[in-house]
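Enquirer: I'll drop the sequence and a predicted model, then ask my questions.
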Protein chains: 2
Amino acid sequence: MTTIREIAQLCGVSVATVSRVFNQPLTVSKEKREVVERVARELDYRPNESARALATKRSGLIGLVWDTDHRRPGWRHPYLQELLIGLKSALSAHGYHLLMLATSGSAALRAVGASLADPVAYVNMTRRHHLGGLVLIDSGSDASAFTAFAQSGLPCVAVDVEVDGPRATYVTSDNVGGAAMAVRHLVEEGHRRIATVTGPHANRPAADRLAGFRAAMAEAGLAVPPEYVVEGDFYRPSGQAAMRTLIALPEPPTAVFCAGDEMAVGALLAARHAGLRVPDELAVVGFDDIELAALVDPPLTTLAQDKAGIGVAAARAVLTMVHGGEKPAPAFLPTKLVVRASSR
Amino acid sequence: MTTIREIAQLCGVSVATVSRVFNQPLTVSKEKREVVERVARELDYRPNESARALATKRSGLIGLVWDTDHRRPGWRHPYLQELLIGLKSALSAHGYHLLMLATSGSAALRAVGASLADPVAYVNMTRRHHLGGLVLIDSGSDASAFTAFAQSGLPCVAVDVEVDGPRATYVTSDNVGGAAMAVRHLVEEGHRRIATVTGPHANRPAADRLAGFRAAMAEAGLAVPPEYVVEGDFYRPSGQAAMRTLIALPEPPTAVFCAGDEMAVGALLAARHAGLRVPDELAVVGFDDIELAALVDPPLTTLAQDKAGIGVAAARAVLTMVHGGEKPAPAFLPTKLVVRASSR
DNA sequence: TGAGCGGCTGAAACCGGTTACAAAGAAAGG
DNA sequence: CCTTTCTTTGTAACCGGTTTCAGCCGCTCA
């Protein structure tokens, strides 16, 4: 590997000059700069990132914390792939790379009792590797670790989880607005008895979707009887169970808004088992626009999240802080109503 | 941040001794070792990975190349999530982390004409960051870059793509065996006219699945007329089109083995459109066991890949080479036949 | 008793960059 | 013409570890 000393020698300049050519080109005279650049190219010079990171205390890496919750082995992130694409492209556009930190997914580490969901471990890794900051992806459970990390003062951005701290912010969809759109759509279709299946109330997106639902219902002058709000857990069975409950009511709803597509699919199943025709006897709207939504029968009306956009927003937010900027306000990305046969 | 010099001073030993305590503990006397360890703990010492990497030329990082093919924007890896889980946990069990390298997914980079699908860029990154090696995940298209990288002599392991090079190997499912299992299952169900929808012939897993199909058919003493082998591209529409072709044959098959679940779903659609009852008039078997397989109607019989296991195998293979071991032979992980209603 | 050996330890070089500081030369101002 | 300021450059310290090498010590064995 070529080093700047070799280049310096060949060009008859000092190492400082060579270093400057790559970092503050304008402070070097045009002639020397061109010579150095040419020689560097000829020798296929590549800066040693470790040496750089050592000297500058910056590595050009952003940590990615993505805990696979071992209490829910089958859990899958609804849009990890798109999220990663967005993250990666936005980061690499600024010369950053993404370091996936080891997490509780490691059976070996768990065996030693060293769950890396431990925020101390995050901080540890961040400092050891001179990470600029972290992107935290909801594991579906252990958000407490995120909160704790957010307190550490290191730049971090959470996706779909509310966190707060000196340099911590989060990115999620406009859940309030999305839910409201769902309700308005159903109202336009003529529904007046509209129920909702929510996510866990402690979950920020779930709470927001419920809030949006209530707001839009009020706006439409419709009442929301307490039994029309059933709490689920984002998984399909809970949606199915909730729908069964709703169907059994003395005055069942004619439409239901589910805070997640998986639960909406569960609702479709419950409707089918009860012999209800969708959308004629029951309209269903979901949230997320997972791949499955377009494939179930009938295809599911849902609110599409800007999945890659969320990744991009997260990347931007963390980079802003890394570069010393103010902590950005939480971002709420717009969602898009995708009308399919389940509601029309 | 605490450094080994501080620790050395506090303990009244040299920095060399402190360093040894962490790297070759047995060469240090018990007393000094314990003192150093205690002080390090009290000071919350964390080794500076950049300094380490600089001195040792090893960073403890493995590169992950996952190209999102911009020619197929909607493309999604069938099991990226499970793959990552397997990779991560196996790597972290050995103290390694995964660095996601920026790729052609970056619009910004593409705009500059600097497609990072360029193997030169991979090598570049690998050296700059002192990566131990790379894991290459098929982008569905640009495998030529992988091949080129494999020639570089740096340790690399490809997933689901055949590569060869001095320190390059690959990991995939036992596609031959899986396909054979599919055929045997269909034969046991009484089928004799069995067709197949393959993937692109240039694709190694696709070729292997076809080979397994042919072998098992021969074993069962069944002929495979040329028109019973239709080439697809792993996407759903190609499966649907292929199935239409097969149904239109003068003597259509009673069963079809599709080299991928997406294509199998397409086949189910074609059957439904043609008014064929599945499995009574047409049995369908897929490959992959994607999430959707269990959810279509009827649920799809398929060959489940050991998704996380493939990640673990890839991690093991790359670590073996990183640690100076011989290049491991390509790994073919066993698949499991999951019988559902589409074939029974 | 002396040579030989193995276990521990420390001094110092080294990894490959960045950057503070000083100095030299050129340009500008009085 | 002298002073001041700006631009460009080089020297050398520094980032925080690892590792080579040599030396010291205490034992063993002849």
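Expert: Okay, I see it.
Enquirer: after the helix or strand of chain A with the lowest mean pLDDT, next one along is what?
Expert: Each helix and strand of chain A was given a mean pLDDT (mean pLDDT, DSSP states H and E); the minimum falls on helix A:107-111 at a mean of 42. The first helix or strand that comes after helix A:107-111 along the chain, using DSSP states H and E, is helix A:119-128.
Enquirer: return the distance of that next one from the chain's centre.
Expert: 21 Å (C-alpha atoms, centre = their mean, to the nearest Å).
Enquirer: what about A:L61, how many residues nearby?
Expert: By other C-beta atoms under 10 Å in any protein chain shown, 24 other residues sit near A:L61. For every residue, glycine as well, the C-beta is placed using N, CA and C.
Enquirer: how far away is it from B:K32?
Expert: A:L61 is 35 Å from B:K32, where distance means C-beta to C-beta, to the nearest Å.
Enquirer: got the CA coordinates for stretch A:308-324 in CSV?
Expert: Extracted in CSV, the C-alpha atoms of stretch A:308-324 (Å, rounded to 0.1, in the frame of the first residue of the first chain):
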residue,chain,number,x,y,z
ALA,A,308,-37.0,4.4,1.5
GLY,A,309,-37.8,8.0,2.3
ILE,A,310,-37.8,7.2,6.0
GLY,A,311,-34.3,5.7,5.6
VAL,A,312,-33.2,8.8,3.8
ALA,A,313,-34.7,11.1,6.4
ALA,A,314,-33.0,9.1,9.2
ALA,A,315,-29.7,9.4,7.4
ARG,A,316,-30.0,13.1,6.9
ALA,A,317,-30.9,13.6,10.5
VAL,A,318,-28.0,11.7,11.8
LEU,A,319,-25.6,13.4,9.4
THR,A,320,-26.9,16.8,10.4
MET,A,321,-26.0,16.1,14.0
VAL,A,322,-22.7,14.5,13.1
HIS,A,323,-21.7,17.7,11.3
GLY,A,324,-22.5,19.7,14.4
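Enquirer: which other residues reach it?
Expert: With C-beta atoms under 8 Å, 6 or more residues apart in numbering or on different chains as the test, stretch A:308-324 has contacts from A:62, A:82-91, A:94, A:96, A:132-135, A:155-157, A:159-160, A:167, A:169, A:171-173, A:326-328, A:331, A:333.
Enquirer: list only buried entries from those residues.
Expert: Using 16 or more other C-beta atoms under 10 Å in any protein chain shown as the burial test, the contacts of stretch A:308-324 include A:62, A:82-91, A:94, A:96, A:132-135, A:155-157, A:159-160, A:167, A:169, A:171-173, A:327-328, A:331, A:333 as buried.
Enquirer: what is the burial count for the residue nearest to A:A51 when sequence neighbours are not counted?
Expert: If the residues on either side of it in the chain are set aside, A:A51 comes closest to B:L54, at 5.1 Å by C-beta to C-beta, 6 or more residues apart in numbering or on different chains. For B:L54, the tally of surrounding residues (other C-beta under 10 Å) stands at 19.
Enquirer: helix or strand: which one has B:L54?
Expert: Secondary structure from DSSP H and E places B:L54 in helix B:49-56.
Enquirer: follow-up on the earlier one: the residue nearest to A:A51 contacts A:R52, correct?
Expert: No - assessed by C-beta atoms under 8 Å, B:L54 is found out of contact with A:R52, at 9.2 Å.
Enquirer: next, the buried residues of stretch A:212-232.
Expert: Going by neighbour count (16+ other C-beta under 10 Å), the buried part of stretch A:212-232 is A:212-214, A:216-217, A:220, A:222, A:224, A:228-230, A:232.
Enquirer: among these, list the two that are farthest apart in space.
Expert: A:A220 and A:G232 (23.2 Å; C-beta to C-beta).
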